[in-house]
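> this one's sequence-less:
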C-alpha cells in the first residue's frame, strides 16, 4: 500500500487554489475521492483510506481550502471549492471516480456532479441534503469556541482541550475540534483552519442549489438516524436534483456518520459500489 502526501504547484483557474491531499493505494485502481466537512481534515479519513486501499481502490482525500494544510482564502463557496477538487482530478489524470462527501464536502461533491457529470461514476453524500440551511448554528458555536481560546497563553494540548470543554461539548466533539490544532516551536499553538473566513462565509455554506442543476447518475444518501440534516421535507428536493437517488439510514448515527458508525458506513459504501444499479431499474 502507498500513502502519499501531495502539494500541487500550478494555478490554472482564477480563484482556484492548490489543495494539499493524501492518497492511498495504487493509482491503477478505481478511484474514490473523499471530501470532508466544515472543520474536518484529510487525516480524519486515514483509516477509511487505508481500508479501501486494501480493498483495491485508489483513495484521494484533500484538505479543503481554509482547512488543514491547504491555502487560506477570503473566497469560500461551493463553486470555487468544486474547481479546487476538479484540479486534483485533472492533475491525477482521472477519467472516472466515486465521489464521497460529508456535510460541506457533500455539497461540494453535489456541485461537482452537476458541473462535471462525465467524471462521476457514483456519488455518495453523507448526511446533508441539497436544500439551503438558513442557520448553521452548530458551526457558529464551534468556531466561536475555538476563537475564544487564547492560544498565546496555553502551555499544552490539554490546556486547549480544557478550554473547549468549558462549552459542555461531548468529548468526541472536543477531540474532533482538536484535530485542527497545530504546534511548532516557532509559532506555538495555532488553529489550522481559517476560522475568520469560514465564519464570514457561513451564508455560502448554507446555500442550496439552483433548481436547474440535476445529476441522473447513481447516487446514494447515507443519513444519520439521530441527525436532523436530512428530514422528510427534503425528499422532494433530493428527488428533483437526483432523480435516481437511493438512501439508507444508519439509526444509531448522528451527523458524523463515518465516526459514529464506521462499520455501517463502510458496509453501505461497499454494497453501493458493488451493486449494478442498471439491473435495479
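All right, it came through fine. All values derive from a computational prediction rather than experimental measurement.
> could you look up the SS state of residue 67?
Here residue 67 is recorded as coil under DSSP: H, G, I helix; E, B strand; the rest coil.
> which one is it nearest to, not counting chain neighbours?
Leaving aside its sequence neighbours, residue 67 sits nearest to residue 193 (C-beta to C-beta, 6 or more residues apart in numbering; 5.0 Å). Every C-beta, even on glycine, is put in place using the N, C-alpha and C of the backbone.
> now do the same for that neighbour: its pLDDT.
On the pLDDT scale, residue 193 is placed at 97.
> now it: how far from residue 65?
Shown here: residue 193 relative to residue 65, a distance of 10 Å by C-beta to C-beta, to the nearest Å.
> residues contacting the residue sitting nearest the centre point of the chain?
Closest to where the C-alpha atoms of the chain average out (C-alpha atoms, centre = their mean) is residue 36, at 1.8 Å. Each residue near residue 36 by C-beta atoms under 8 Å, 6 or more residues apart in numbering is listed here: 42, 44-45, 61, 63-64, 67, 102, 104-105.
> buried ones among the residues you listed?
42, 44-45, 61, 63-64, 67, 102, 104-105 (16 or more other C-beta atoms under 10 Å).
> buried sites along the strand or helix carrying residue 235?
Per DSSP states H and E: residue 235 is located in helix 235-241. Neighbour-count burial for helix 235-241, with 16+ other C-beta under 10 Å as criterion, is recorded at 237-238, 241.
> tell me which helix or strand in this protein has the weakest average pLDDT.
Lowest on mean pLDDT, DSSP states H and E among the helices and strands of the chain sits strand 3-7, with a mean of 53.
> following that strand, which helix or strand comes up?
Strand 3-7 is succeeded, C-terminally, by strand 20-24 (DSSP H and E).
> ok, back up a step: any chance of the contacts of residue 36 in a markdown table with pLDDT, distance to residue 16 and secondary structure as columns?
Listed next are the contacts of residue 36 as a markdown table, based on pLDDT from 0 to 100; distance: C-beta to C-beta, whole Å; DSSP: H, G, I helix; E, B strand; the rest coil:
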| residue | pLDDT | distance to residue 16 | secondary structure |
| --- | --- | --- | --- |
| 42 | 97 | 18 | helix |
| 44 | 94 | 24 | helix |
| 45 | 97 | 22 | helix |
| 61 | 98 | 18 | strand |
| 63 | 98 | 15 | coil |
| 64 | 98 | 12 | coil |
| 67 | 97 | 16 | coil |
| 102 | 97 | 22 | strand |
| 104 | 95 | 17 | helix |
| 105 | 97 | 17 | helix |
